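Q: kindly return the folded structure for what I paste below:
(chains A and B)
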Amino acid sequence: MNGDRGILRWYPARWRERYGSELLAMVEDVSEGHAPSRSLRRSLQLAGLKERLREHALVGRDRPPADRVRAGARVILVAWAALVVAGCGFAKFTEHWQVGVSVRDRFVPDLMYGIVVVLAVLGALAVLGVVATALPSLRGALAAGRWRLARRPVLAACGLTVVAVASTAGLAAWAHHLTNAQRNGASLVYSGAFISWALLVVAMVVAWTIAAVAVERHVDMSPRLVRAVGIGASVLVVCTVAIAGAILVWWIAVARTAPWVLGSNQLGTPASPWAWPLAGEAAVAVVAAVIALLGATRLVSAARSGIRTR
Amino acid sequence: MTEKRGRNNEPTVLVLTSLAAGAKHGHALARDIEQFAGVHLGPGSLYGAITRLEERGLIAPLPADDRRRPYEITAAGRAELAAAMQSMARVVATGSTRLGLGAIDLRPT
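A: Numbers count the residues shown, from 1 in each chain, chains lettered A, B, ... in the order given. Coordinates of the predicted model:
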């Protein structure tokens, strides 16, 4: 049955250690000496996945409300990180949009663009607010010698940030010596460098998200911090959903009145409203909004169970 | 079970009901449950229920026989099961009265 140990891979390590052997024994009994059926394997994969989600307090009601708030906040943070990536892409794609849209058609896109900017700042402030509230707990974790538990992801994120900042400076200096056409696709070398830089920024956002989750797992949550996390996460949910909506409305408004903005940006030229970079950014933003709402349901379920934050 | 008490097909209730008759390991539990409730619990669902029940101290593991570990119901498990049964009995009684069925024979078939 060594091959069947693969079934257990879906379960968390701690669970496997405790129940793995007897679960395999039962699988043997149920399968009566044959290889486990495909449906049995699938149901075990599903059960293992559920057990993993439960371990992280992402499903079930058997964990304390504070743990469920943390789990919901983690999901929302991941959604926010995805939205930051989509938002950066949106900012780049739309950097000259006003040039191609007549003044009378600018109201709705302007409003939506403003909403994206304001909510992006608000979301960033919410994250900073939670970090500030967490500082005493972070100090406590450091004093308790827990730094080594989160050291690797934090150092990786710091390293990527240094590289990203240096690359940004280098790319900006390079761009300064290029023509507008070269900066916008005529120079293949610059385009390649720009795409590499964008991927680096995405990697940096991912690395900081992983680092934040790693640190959070080793920090003791005071009731005050649980409340701050709950409030901060709720603000992020609202920002994520509203930004995703604003991006979509901006797209529709521009596609209706000035579709050339989504293509060549040459005023009055026929163009398809389907711009693949914008479609990708909008899709990521919508997925982020859905994930944020899933995280929010976790927060609400924890709140309903009664969080004691005295 | 505190949040879902009363659902008689809840795997945790089924496991407790089975163990109320004596200690059993996984496969024996699944067969017994299928026999008295007509519910097929696969290894994944069964061990999900066992995990939850053990975490809450409602069942306890006994020394393993080969790799097959039997479980027994604890005093807290009996109390939990009794409370679940009373809750279900109230639903059965109310439903029977409202349907005009009179008293229902609750003895096991």
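
Q: quick check: closest non-adjacent residue to the residue of chain B at minimum distance from chain A.
A: Closest approach between chain B and chain A, counting by C-beta to the nearest C-beta: residue B:44, at 2.8 Å. No exception for glycine: its C-beta is placed from N, CA and C like everyone else's. Of all residues not flanking residue B:44 in the chain, residue A:47 sits nearest, at 2.8 Å (C-beta to C-beta, 6 or more residues apart in numbering or on different chains).

Q: ok so, going back, which residues does the residue of chain B closest to chain A contact?
A: A:43, A:44, A:46, A:47, A:48 (C-beta atoms under 8 Å, 6 or more residues apart in numbering or on different chains).

Q: list the helices and strands whatever helix or strand the first one lives in packs on?
A: Read that as residue A:43. For residue A:43, the element it lies in under DSSP states H and E is helix A:38-55. Applying 3 or more C-beta pairs under 8 Å, 6 or more residues apart in numbering or on different chains; DSSP states H and E, one finds that helix A:38-55 contacts helix A:13-31, helix B:43-55.

Q: again, 6 Å this time
A: Judged by 3 or more C-beta pairs under 6 Å, 6 or more residues apart in numbering or on different chains; DSSP states H and E, the packing partners of helix A:38-55 are helix B:43-55.

Q: can you get me a residue count around residue 27?
A: Using chain A here. 24 (other C-beta atoms under 10 Å in any protein chain shown).

Q: chain B is the one I meant
A: Counted with other C-beta under 10 Å, the neighbours of residue B:27 add up to 18.

Q: which parts of chain B sit against chain A?
A: For chain B, the contact set with chain A under C-beta under 6 Å from any C-beta of the partner chain comprises B:3, B:26, B:27, B:42, B:43, B:44, B:47, B:48, B:67, B:68, B:69.

Q: 10 Å - rerun?
A: Counting by C-beta under 10 Å from any C-beta of the partner chain, chain B comes close to chain A at B:1-4, B:25-31, B:42-48, B:50-52, B:54-56, B:61, B:64-71.

Q: just the buried members of those residues?
A: B:1, B:25-30, B:42-48, B:50-52, B:54, B:56, B:61, B:68-71 (16 or more other C-beta atoms under 10 Å in any protein chain shown).

Q: residues contacting the residue nearest to residue B:44?
A: With contact taken as C-beta atoms under 10 Å, 6 or more residues apart in numbering or on different chains, residue A:47 is in contact with A:7, A:10, A:11, A:23, B:42, B:43, B:44, B:45, B:46, B:47, B:48, B:51.

Q: of all residues in chain A, which one is closest to chain B?
A: Per C-beta to the nearest C-beta, residue A:47 is where chain A lies closest to chain B, at 2.8 Å.

Q: what stretches of the chain score poorly on pLDDT?
A: Since no chain was named, I'll use chain A. Along chain A, the model assigns pLDDT under 70 to residues A:1-5, A:264-270, A:306-310.

Q: that's the other chain; I wanted chain B
A: Checking chain B against pLDDT under 70 turns up B:1-9, B:106-109.

Q: flag every buried residue along the longest helix seen in it.
A: The helix spanning the most residues in chain B, taking DSSP state H as the definition, is helix B:75-99. In terms of neighbour count (16+ other C-beta under 10 Å), helix B:75-99 has its buried residues at B:77, B:80, B:81, B:84, B:85, B:87, B:88, B:92.

Q: what about the nearest residue to the first one once chain neighbours are set aside, how many residues nearby?
A: Translated: residue B:77. Closest residue to residue B:77 apart from its sequence neighbours, by C-beta to C-beta, 6+ apart: residue B:58 at 3.6 Å. For residue B:58, the count of nearby residues is 23 (other C-beta under 10 Å).

Q: which residues does residue B:58 contact?
A: With C-beta under 10 Å, 6+ apart, residue B:58 has these contacts: B:1, B:12, B:15-16, B:19, B:52, B:71, B:73-81.

Q: which one of these is nearest to residue A:133?
A: Distance to residue A:133, by C-beta to C-beta, is smallest for residue B:52 among the contacts of residue B:58, at 33.4 Å.

Q: my guess is that closest one meets residue B:77, correct?
A: No: using C-beta atoms under 10 Å as the test, residue B:52 is too far from residue B:77 to be in contact (11.6 Å).

Q: what sits in contact with each of the two?
A: In contact with both residue B:52 and residue B:77: B:1, B:12, B:15, B:58, B:59, using C-beta under 10 Å, 6+ apart.

Q: now, the residues you listed that are in strands?
A: Residues of the shared contacts of residue B:52 and residue B:77 located in strands (DSSP state E): residue B:59.

Q: tell me which residue is most central in chain B.
A: Centroid-nearest residue in chain B, with C-alpha atoms, centre = their mean: residue B:14, separated by 2.5 Å.

Q: was I right to think that residue contacts residue B:29?
A: Yes: counting by C-beta under 10 Å, residue B:29 is a contact partner of residue B:14 at 8.6 Å.

Q: and the contacts of residue B:58, which is closest to residue A:238?
A: Distances from residue A:238 to these, taken by C-beta to C-beta, are shortest for residue B:52, at 34.1 Å.

Q: which residues do residue B:14 and residue B:29 both contact?
A: In contact with both residue B:14 and residue B:29: B:41, B:46, B:49, using C-beta under 10 Å, 6+ apart.

Q: list the helices and strands the longest helix along chain A packs on?
A: Looking across chain A with DSSP H, the single longest helix is helix A:107-143. Here helix A:107-143 touches helix A:65-93, helix A:147-176, helix A:188-217, helix A:223-257, going by 3 or more C-beta pairs under 10 Å, 6 or more residues apart in numbering or on different chains; DSSP states H and E.

Q: can you lay out these as TSV showing mean neighbour count and distance to residue A:107?
A: Shown next, in TSV, are the helices and strands packed on helix A:107-143 (neighbours: other C-beta atoms under 10 Å in any protein chain shown; distance: least, C-beta to C-beta, whole Å):
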stretch	mean neighbour count	distance to residue A:107
helix A:65-93	22	19
helix A:147-176	14	32
helix A:188-217	17	31
helix A:223-257	21	9
